[in-house]
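Student: my questions concern the predicted model and sequence given below.
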Amino acid sequence: MGYTPEMKELIKVVEKTRPERIRKIKNGHSYPALSLEARTKVLEKFHPDYKPSGRKEILVGPNKGDKKTYPEEFVDLLHSRSRLSNIEDFEKIIEKPDYETDVLVIGAGGAGSSAALTAMNHGQKVILSTKLRQGDANTVMAEGGIQGATQEVDSPYYHYLDTIGGGHFTNDPKLVKALVTDAPLVIEWLESLGMMFDKESDGRLKVLKGGGVCRRRMHSSADMTGSEIMRVLRDEINNNPDKITPLEFSPAVELILDSAGKCMGAVLYNLETKEYYVVHAKAVILATGGFGRLHIQGFATTNHYGATADGIIMAYRAGAKHRFMYATQYHPTGAAFPEQNIGLLITEKTRTLGAEPINKHGEEFVFPLEPRDVEAASIIKECIENKNGIATPAGRLGIWLDSPMVDILRGPGTVEHALEAKHIQFMRYNIDISKEPMLIYPTLHYQNGGIEIDEWGATSIPGLYAAGEVSGGIHGENRLMGNSLLDINVFGRRSGKKASEYVSKGVKFGKPSLDHVKKYNAELKEAGLGDDSIAPMLLPDYSNPKVREKQLTALKFGTLQ
Amino acid sequence: MTTVKPSGDKPNLPPTSRLIEVFIMGKSYKVPETLTIQKAIEWAGFQFIRSCGCRGGICGACPTIYRTKDDYKLKVGLACQTVAEDGMYLVQLPFVPVQKAIYNIEEEKATLAAIEKHYPETFRCVQCNTCTKACPMDIEVMQYIAEIIKGDYKKAAELSHSCIMCGMCAARCPAELQQFNVAMFIRRMYGRYVLPKAEHLKNRVEDIEAGKYEPMLDELQQVSSGELVKRYKEREWEPEPYEVPDWKPKDTKYL
């Protein structure tokens, strides 16, 4: 395997211009960044969010009547009916819980896990339900790092400015303040849990830049930062089996409210035995992640198998509004070759370490560290408008990411150490990324928007909190690198704390109810929607359509058999 | 060459693509060549609940055991990262039974005794190197076990850092070790007790808890939108250390 002879020829062009590009960078003459005005221009013309096709209005629920249009794959889910089709049966079983707990956390990725640990530390009994295995989440796939103003030449003030500017000044200011204030606290917490941060010999945290940030603020654990955070949090949870009960392969499919509208639990679905479980809880924290597996605009994705927007759908039926769901993040550098790796994440850290995006003539065409949306749009422009992309044997287009520059700028061996997981991944296909560039193209990466929350993760529904990618407002229209591994911990911890305080004050519940689901179904019916689709989706369907046609007696409910 | 429209996760097969025969749990299926094992199984008609996670080689959900044509060797790879081959026999391992040690990190020490207490079977290693051969991440598993037996937390932590905890080492180990679990314990202990603490982080946390940055952040929330944009545009840009070593900003008012 490895690159084709044609591609190898094109790589020679990149190699030829490399020494001169290195010389320029060392003299402080990198390719210039765009002005705010120029950013807007390239976004409007080339960012997939600005395409009028593939978007729809929302016709039911709390966001009905928004002037914005949203990705149709997402709207189709909002326009789908509940999995609980025989709802009268469910109304009977929700009175008799299979599990009772103080706090129910839905989703066991980074946000859910930090929320569960925090609730536990505040004396609560926790059930941690998750669709797949504990820790199966986008958190494990986050590579580059976690932001936090920990260095003397930096401060939360600059972190705030970078974050809100990267989001085109649309972010919710009080959420940004919470994010940047808690960042060093989170990093210290993870350090105390035994996370292996990259450090100097005296203990100083190593830091790098990310796109759109003015100070070096990215903390990492090689290029497996999210994986390291996740395995540490999971290990800590599993050290406390008498306080936190994980329920794997049991995604939530509907929230339970009481007669007064307070959230008091959820209905879970055991994917293996097909049973439904009823959980009664005094407070619920939603941490179900984003919508990458909906393949917005037909894009390949960096996301986990389970990223199907379940939480936002359930909360929406219960009355929680969402915001910024019109803004989708396409990561500038997804793999475009080999075909087996299509859409997989190539961490932004590759560029923070010095690698430049290079066109087929061996030229730079964009500042390597623009905010993500601007970087992605510029790469699309270079391929589509300027026709300077490199074609793959499968007919895709891509741009070189000149990773060999990293070892030249920072010393031999840097790629193998600082990008260890990527190095292994490409070596499997006989591509040594310390010697040959990678071919990249933007890939669907992150749901910028989500459920509206306050600075403590509280939603508009009493007793319902949200943390992580399922929530919206922190990043406005565009998230910066390293702010996601941060936000899952900041708002996981904040919602865990606030939910605990809410529970500790003593909550009284009326009769458990699914009236909100019935009401939503009725609204769908009135709009002529929801006949043929079921949500939450739970898992995408990648099975072979030709096989599906022959499964003549198989019952399919939504995308699941 | 015409370029294709994006099509989600669907494999984009070259026009010359031919069908190959793979034996999924011993049963023959015809799938197009070039697909990963994961996509080949889906092509055959399966929908995953177990044995599928990140689909990107980092979560450890899809370890697959296989033999290729005319080769006695038992091989291991991640289904999402390994290309299916003609004549391949394969099975996925959805779970590895292990017993994770329950411990309170606050009360532990990074000693040999701690390893003896929590994972005593580690010392039964017979140095057969099967674990290393079974690792889909090409980690020197037996080597890090040797370092653990010596009590070298640093070397063991560094050698095992790229572990994705798929469990194949433990599944294949004739001495019944739980390599990936003892390595997890070692790494946390190393991060907590062996790596020096970040002093500057401690100072920053104290400043935050004392409310030092509250007025600065409140100021940013109160200024006009024009002023906010102006301050964003005028941020001083820290150069890379290979451009300017030991850089200090001119404006220190907000540090």
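Tutor: Structure received. Numbers count the residues shown, from 1 in each chain, chains lettered A, B, ... in the order given.
Student: only C-alpha atoms for contact and neighbour calcs from this point on.
Tutor: Noted.
Student: so the residue in the stretch 351-500 of chain A positioned nearest to chain B: helix, strand or coil?
Tutor: The stretch 351-500 of chain A approaches chain B most closely through A:Gly395 (4.7 Å), counting by Cα to the nearest Cα. Here A:Gly395 is recorded as coil under DSSP: H, G, I helix; E, B strand; the rest coil.
Student: centroid-nearest residue for the chain?
Tutor: Looking at chain A here, since you left the chain open. A:Tyr446 (4.4 Å; Cα atoms, centre = their mean).
Student: other chain: chain B
Tutor: In chain B, the residue lying closest to the centroid (Cα atoms, centre = their mean) is B:Ile164, at 4.0 Å.
Student: you'd agree that one is up against B:Cys62?
Tutor: No. In this structure, B:Ile164 is not within contact of B:Cys62 by Cα atoms under 8 Å, at 10.7 Å.
Student: now the common contact residues for the two.
Tutor: With Cα atoms under 8 Å, 6 or more residues apart in numbering or on different chains applied, the contact sets of B:Ile164 and B:Cys62 do not overlap.
Student: just list the residues touching the residue lying closest to A:Asn341 once chain neighbours are set aside, thanks.
Tutor: Among residues not flanking A:Asn341 along the chain, A:Ala335 sits closest, at 6.1 Å (Cα to Cα, 6 or more residues apart in numbering or on different chains). For A:Ala335, the contacting residues are A:341-346, A:438-441, by Cα under 8 Å, 6+ apart.
Student: if we go to 6 Å?
Tutor: By Cα atoms under 6 Å, 6 or more residues apart in numbering or on different chains, A:Ala335 lies in contact with A:342-344, A:440.
Student: quick one: which of those residues is nearest A:Lys518?
Tutor: A:Gly343 (38.8 Å; Cα to Cα).
Student: isn't that closest one right up against A:Gly334?
Tutor: Yes. Between A:Gly343 and A:Gly334 there is a contact at 4.7 Å, judged by Cα atoms under 6 Å.
Student: and A:Lys349, backbone torsions?
Tutor: Per-residue torsions, A:Lys349: phi -60, psi -30 (degrees, to the nearest 10).
Student: from chain B, how far off is it?
Tutor: Counting by Cα to the nearest Cα, to the nearest Å, the gap from A:Lys349 to chain B is 14 Å.
Student: next: A:Thr40.
Tutor: On the measure of Cα to the nearest Cα, A:Thr40 and chain B end up 14 Å apart.
Student: which helix or strand contains that residue?
Tutor: Using DSSP states H and E, A:Thr40 sits within helix A:36-46.
Student: which residues of chain B score low on pLDDT?
Tutor: For chain B, residues meeting the criterion pLDDT under 70 lie at B:1-8, B:14-15.
Student: domain assignment for the chain?
Tutor: No chain specified, so I'll use chain A. Following automatic domain parsing, one finds the domains of chain A at A:5-51+A:329-444, A:81-327+A:448-512.
Student: not quite, I wanted chain B
Tutor: B:19-92, B:105-194, B:199-229.
Student: distance to A:Tyr276 for these - can I get that in JSON lines?
Tutor: Formatted as JSON lines, the domains of chain B follow (distance: least, Cα to Cα, whole Å):
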{"stretch": "domain B:19-92", "distance to A:Tyr276": "16"}
{"stretch": "domain B:105-194", "distance to A:Tyr276": "29"}
{"stretch": "domain B:199-229", "distance to A:Tyr276": "45"}
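Student: please identify which of these is closest to A:Asp258.
Tutor: Closest to A:Asp258 of those, according to Cα to Cα: domain B:19-92, at 32.1 Å.
Student: interface residues of chain B facing chain A?
Tutor: Residues of chain B that fall close to chain A, judged by Cα under 6 Å from any Cα of the partner chain: B:3-4, B:6-9, B:14, B:42-43, B:45-47, B:53-54, B:102-103, B:188-189, B:191-192, B:196-198, B:201, B:205, B:217, B:232, B:237-238, B:243, B:255.
Student: can you say which of those residues are buried?
Tutor: Neighbour counting with 16 or more other Cα atoms under 10 Å in any protein chain shown marks B:8-9, B:42-43, B:45-47, B:53-54, B:103, B:188-189, B:191-192, B:196-198, B:201, B:205, B:217, B:232, B:238, B:255 as buried within the residues of chain B next to chain A.
Student: sitting in helices, which of those residues do you find?
Tutor: Counting by DSSP state H, those place B:42-43, B:188-189, B:201, B:205, B:217, B:232 in helices.
Student: what's the closest of the residues you listed to A:His304?
Tutor: Checking these against A:His304 by Cα to Cα gives B:Glu42 as the nearest, at 16.1 Å.
Student: A:Glu100: what secondary structure?
Tutor: Following three-state DSSP, the label given to A:Glu100 is strand.
Student: SS state for the nearest residue to it once chain neighbours are set aside?
Tutor: Once flanking residues are discounted, A:Glu100 sits nearest to A:His280: 4.8 Å by Cα to Cα, 6+ apart. State at A:His280, reduced to three classes by three-state DSSP: strand.
Student: any idea what A:His280 is bridged to?
Tutor: A:His280 forms beta bridges with A:Glu100, A:Gly265, as assigned by DSSP bridges.
Student: that'll do, ta.
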